[in-house]
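1. quick one, what's the 3D model for this:
(one chain, ligands or ions: 1)
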Amino acid sequence: MRADCHVHLDKIGGPHKTVPPSVEMFTTYARREDISLFFVIYEKDETLARFRATGYDMIPIYWERTPLTPGIPTSARAVKLHPYIERYQLTRSNVEPALEVAREKNLFVFIHTEDREPELSRGRLVAELARAYPGLLFVMAHSGSYAPPNVDYPGSVPIQDGRVRELVSEAVEVARRFDNVYLETSILASEAKSEILAKAPVSKLLIGSDFPILEETQWASLQFQEKQLLRFGLSEGDIDQIHQNARRLAKAFQVNRA
Ligand SMILES: [Zn+2]
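-> This next block holds a predicted model:
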């Protein structure tokens, strides 16, 4: 059983030009990669319903673009925050109303971490929230740095290895220190990033692809990411455990459904 913990259903928005996937694209991807559970990012209930009709297990993550005035629908089991696209720094005062709703409704919080402008959203900023909200679970999307390959990643210059190492190491440290912080891997084009994540606590890892970004390249493949982690020392059993982490979260956050 495989879980992809970072998939987009609705449009992402500037600077990304990636168009949202069709249901057919999604099912082709799911079959090709042999995935049965998805953490899906959406904004419209109608989109979620269309993809849910495929029958795959899904954890809906609502993209909250205005965390100071949240409008999180009852379909959500998690909230996504993207400080880089929405142009704010990840501080408690900038996101507190959204976190309060997450606490009330028992949602987890999925946060884009950023390497183009790290001061907007990096491990140590997530640590501050994790400390302030010990009862909330936080997932760091990209594990501190997306670390893009040398192809069209919107708005990106390739990120230098030294910066990738610094940001990913910081994120791993935060996941070690706080029980309520997890790491999502998308993507593993970078060897430095793969190497550091292969030494992170296996119980805190989630594999994600960021589909449909980079779809049709090797980096958007969940199985490619598994290979990278295996190459840097994880066992097949570890990979299985990582997918079980996703299953465990899915169970935990589907209870008390609104
Ligand atoms: Zn994404």
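
2. mind listing the strands for the stretch 51-200 of the chain?
-> Applying DSSP state E, counting those that start in this stretch to the stretch 51-200 of the chain gives strands spanning 57-63, 78-81, 108-112, 138-141, 181-184.

3. taking the mean pLDDT, what do you get for the longest one?
-> Meaning strand 57-63. Average pLDDT, strand 57-63: 97.

4. which helices and strands sit right next to the top helix by length along the chain?
-> When every helix of the chain is counted residue by residue (DSSP state H), the longest turns out to be helix 236-254. Contacts defined by 3 or more Cβ pairs under 8 Å, 6 or more residues apart in numbering; DSSP states H and E place helix 236-254 against strand 3-8, strand 37-42, strand 57-63, strand 205-206, helix 222-231. Where C-beta positions appear, they are placed from N, C-alpha and C, glycine not excepted.

5. centre of the chain to the fourth one, how far?
-> Averaged C-alpha coordinates place strand 205-206 at 9 Å from its chain's average position (Cα atoms, centre = their mean, to the nearest Å).

6. what is that strand packed up against?
-> Packing partners of strand 205-206 (3+ Cβ pairs under 8 Å, 6+ apart): strand 181-184, helix 236-254.

7. partner strands of the shortest one, with direction?
-> This points to strand 181-184. strand 138-141 (parallel), strand 205-206 (parallel) (DSSP bridges).

8. just those strands: most buried one?
-> strand 138-141 (a mean of 27; mean count of other Cβ atoms under 10 Å).

9. run through who's touching that one.
-> 5-6, 78, 80, 108-113, 123, 126, 129-130, 171, 174-175, 178, 180-184, 186, 206, 208 (Cβ atoms under 8 Å, 6 or more residues apart in numbering).

10. number of nearby residues for E173?
-> Number of residues near E173 (other Cβ atoms under 10 Å) recorded here: 16.

11. actually E46, not the one I wrote
-> Neighbours of E46 using other Cβ under 10 Å come to 9.

12. which outside residues touch the strand or helix carrying it?
-> Using DSSP states H and E, E46 maps to helix 45-52. For helix 45-52, the surrounding residues in contact (Cβ under 8 Å, 6+ apart) are 9-10, 20, 23, 26, 40, 42, 58, 60, 73, 75.

13. at 10 Å instead, please
-> Counting contacts by Cβ atoms under 10 Å, 6 or more residues apart in numbering, the residues outside helix 45-52 that touch it are 7, 9-11, 20-23, 26-27, 38, 40-42, 44, 58, 60-62, 73-76.

14. so A147 sits right up against S190, yeah?
-> Yes - A147 lies in contact with S190 (Cβ atoms under 10 Å); the separation is 3.7 Å.

15. which neighbours do these two share?
-> Common contacts of A147 and S190, defined by Cβ under 10 Å, 6+ apart, comprise 115, 158-159, 161, 164-165, 168.

16. most neighbours, which of those residues?
-> The most crowded member of the shared contacts of A147 and S190, judged by other Cβ under 10 Å, is V168 (29 neighbours).

17. P118 reaches Q160, doesn't it?
-> No - P118 lies out of contact with Q160 (Cβ under 10 Å); the separation is 11.8 Å.

18. Three-state assignment for L214, please.
-> coil (DSSP: H, G, I helix; E, B strand; the rest coil).

19. show me how far the longest helix of the chain is from its chain's centre.
-> Distance of helix 236-254 from its chain centroid, counting by Cα atoms, centre = their mean, is 14 Å.
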